[in-house]
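Enquirer: here are the coordinates; sequence isn't available:
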């Protein structure tokens, strides 16, 4: 993706990162097109992931019906966002990303884009680690990937002129099935409400760096 | 933190996010001062966290001795970074951030900065959820917080003119104790090598947005 070719409302990095705040109430009449959401996701997937497995999956709630579904799994303290956000994006972790990866390389070899030897070299490097991993390992890896891309999405929302709020308070066990997806494959990581704010943000303080850092 | 008052080598958001790549080999003679590392961490802690508990902790390996310690827990495929990076920052999750939070509010009430009633209102809102949570919940929450701040740190490194590489391949069980920290309290989340690159990056492709997104 060519960074010089995208049009952002705001391209000021320090403003985007340091003036980012969580908003919980948005202007109800603002719509964000599926096209613009795709653009934001396209920009966000520049995020890194373990072994480039990209263990993320997005569920975009951009209609009245799907936002109602989102509302049905969120905890009550997240209702204001669910009721006013232009869009809500659930970020799921894909615990089978290594199987998908194997498919992709198999297809590339079948099509002659790579040799069978090149494919096998890739297969031997790190796939066995994932194929023999326990559920905990796969969930942790997916959580890392999904959280990192969530952070990029929070920032990219601001670059597009919106504000956002990450919401991890939901009925964990019902999220994936509520959206008709495979409960064994996907896990909820977080969700992000995006829109134009309709409130002042509340300052939130941070512990000092000294307080949370050991220089060794 | 006033975004207009910090000096960044690069403040171009789209360049920082979209042209970020993982480098695994850095120029060995480049030093980054503890002061600049503190600045980067200060900027990164604008990241959000669940209930603002900030369940993160940083171990900065910025000396020969501490980088050797980092090397001793990393997996061999991360040796090139460990041997050449200017600094390596381990991001740990703090599974006792809710206890720390209680301390902070108790002290504020003792000092008269807030009333006892205000303190108790805070204590009743979400702390019980954490105090009754199982280890899994606390680890997942800390992993989310720590991964998000890791993403900010990867970006802020570029704003400071460096490149970076997130490394999650290490001997998980030995990381925390190797740095003399409390194994029951802290968990490893990821680590980040930062420096001036001494190689060309390798392009890494991504699945298309369509392939990983359900519009509902």
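Expert: Here it is on my side, so go on. The model shown is predicted, which means the values in this text are computed figures rather than measured ones. Numbers count the residues shown, from 1 in each chain, chains lettered A, B, ... in the order given.
Enquirer: C-alpha from now on. contacts and neighbour counts both.
Expert: Noted.
Enquirer: for chain A, longest helix please?
Expert: If you go by DSSP state H, chain A has its longest helix at helix A:135-159.
Enquirer: tell me the mean pLDDT over it?
Expert: Average pLDDT, helix A:135-159: 97.
Enquirer: what's downstream of it, the next helix or strand?
Expert: Using DSSP states H and E, the next helix or strand after helix A:135-159 towards the C-terminus is strand A:163-167.
Enquirer: so what touches the helix or strand of chain A with the lowest mean pLDDT?
Expert: When each helix and strand of chain A is scored by mean pLDDT, DSSP states H and E, helix A:116-125 comes last, with a mean of 88. Applying Cα atoms under 8 Å, 6 or more residues apart in numbering or on different chains, the set of residues contacting helix A:116-125 from outside is A:102, A:105, A:106, A:109.
Enquirer: now, the residues you listed that are in helices?
Expert: Per DSSP H, those map to helices at A:102, A:105, A:106, A:109.
Enquirer: now do the contacts for the first one.
Expert: Meaning residue A:102. residue A:123 are the contacts of residue A:102 under Cα under 8 Å, 6+ apart.
Enquirer: run the chain-centre distance for the longest helix of chain A.
Expert: How far helix A:135-159 lies from its chain's middle: 5 Å, per Cα atoms, centre = their mean, to the nearest Å.
Enquirer: tell me the buried residues in it?
Expert: Buried residues in helix A:135-159, defined by neighbour count with 16 or more other Cα atoms under 10 Å in any protein chain shown: A:138-159.
Enquirer: how about the strands in chain A?
Expert: A:56-61, A:87-94, A:163-167, A:186-195, A:213-215 (DSSP state E).
Enquirer: out of these, which is closest to residue A:28?
Expert: With respect to residue A:28, and counting by Cα to Cα, the nearest of the strands of chain A is strand A:186-195 at 8.4 Å.
Enquirer: pairing partners for the closest one, with directions?
Expert: Using DSSP bridges, the strands paired with strand A:186-195 are strand A:87-94 (antiparallel), strand A:163-167 (antiparallel).
Enquirer: ok, which of those strands comes nearest residue B:69?
Expert: Short answer: strand A:87-94, nearest of these by Cα to Cα, at 31.6 Å.
Enquirer: from residue A:174, how far out is residue A:146?
Expert: Using Cα to Cα, to the nearest Å, residue A:146 is found at 18 Å from residue A:174.
Enquirer: ugh, wrong one, I meant residue A:139
Expert: Separation of residue A:139 from residue A:174 (Cα to Cα): 17 Å.
Enquirer: follow-up on the earlier one: just name the most buried of the strands of chain A.
Expert: When the strands of chain A are scored by mean count of other Cα atoms under 10 Å in any protein chain shown, the highest mean neighbour count falls to strand A:87-94 (a mean of 27).
Enquirer: hang on, the earlier thing: could you dump the strands of chain A to JSON lines with distance to residue A:120?
Expert: Shown next, in JSON lines, are those (distance: least, Cα to Cα, whole Å):
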{"stretch": "strand A:56-61", "distance to residue A:120": "25"}
{"stretch": "strand A:87-94", "distance to residue A:120": "23"}
{"stretch": "strand A:163-167", "distance to residue A:120": "40"}
{"stretch": "strand A:186-195", "distance to residue A:120": "27"}
{"stretch": "strand A:213-215", "distance to residue A:120": "42"}
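Enquirer: make CSV from the ones you listed and add mean pLDDT and distance to residue B:168 to it.
Expert: Below are those laid out as CSV (pLDDT from 0 to 100; distance: least, Cα to Cα, whole Å):
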stretch, mean pLDDT, distance to residue B:168
strand A:56-61, 98, 17
strand A:87-94, 98, 17
strand A:163-167, 97, 24
strand A:186-195, 98, 18
strand A:213-215, 98, 19
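Enquirer: what angle do the longest helix of chain A and strand A:56-61 make?
Expert: Orientation check (axes from the mean of the first three to the mean of the last three Cα atoms, to 10 degrees): helix A:135-159 against strand A:56-61 gives 50 degrees.
Enquirer: just checking, what packs against helix A:135-159?
Expert: Other elements packing on helix A:135-159 under the criterion 3 or more Cα pairs under 8 Å, 6 or more residues apart in numbering or on different chains; DSSP states H and E are helix A:13-18, helix A:34-44, strand A:56-61, strand A:87-94, strand A:163-167, strand A:186-195, helix B:135-159.
Enquirer: which one of these lies closest to residue B:92?
Expert: Among those, the nearest to residue B:92 by Cα to Cα is helix B:135-159 (6.8 Å).
Enquirer: that closest one to helix B:34-44, inter-axis angle?
Expert: 120 degrees.
Enquirer: thought residue A:175 was touching residue A:72?
Expert: No: using Cα atoms under 8 Å, residue A:175 is not in contact with residue A:72; the gap is 9.1 Å.
Enquirer: show me what stretch A:129-139 is in contact with.
Expert: Contacts of stretch A:129-139 (Cα under 8 Å, 6+ apart): A:93, A:95, A:98, A:187.
Enquirer: quick check, nearest of the residues you listed to chain B?
Expert: Nearest to chain B, judged by Cα to the nearest Cα, of the contacts of stretch A:129-139 is residue A:93 at 10.6 Å.
Enquirer: looking at it, that closest one is touching residue A:53, isn't it?
Expert: No: the pair residue A:93 / residue A:53 is not scored as a contact, 11.0 Å apart, by Cα under 8 Å.
Enquirer: could you list every residue that touches the closest residue to residue A:152 other than its chain neighbours?
Expert: In this structure, residue A:152 finds its nearest non-sequential neighbour in residue A:44, 5.3 Å apart by Cα to Cα, 6 or more residues apart in numbering or on different chains. Counting by Cα under 8 Å, 6+ apart, residue A:44 makes contact with A:149, A:150, A:152, A:153, A:156.
Enquirer: go on, residue A:144?
Expert: Counting by Cα under 8 Å, 6+ apart, residue A:144 touches A:49, B:143, B:144, B:147, B:189.
Enquirer: could you dump those residues to CSV with distance to residue A:7?
Expert: Formatted as CSV, the contacts of residue A:144 follow (distance: Cα to Cα, whole Å):
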residue, distance to residue A:7
A:49, 25
B:143, 33
B:144, 30
B:147, 28
B:189, 34
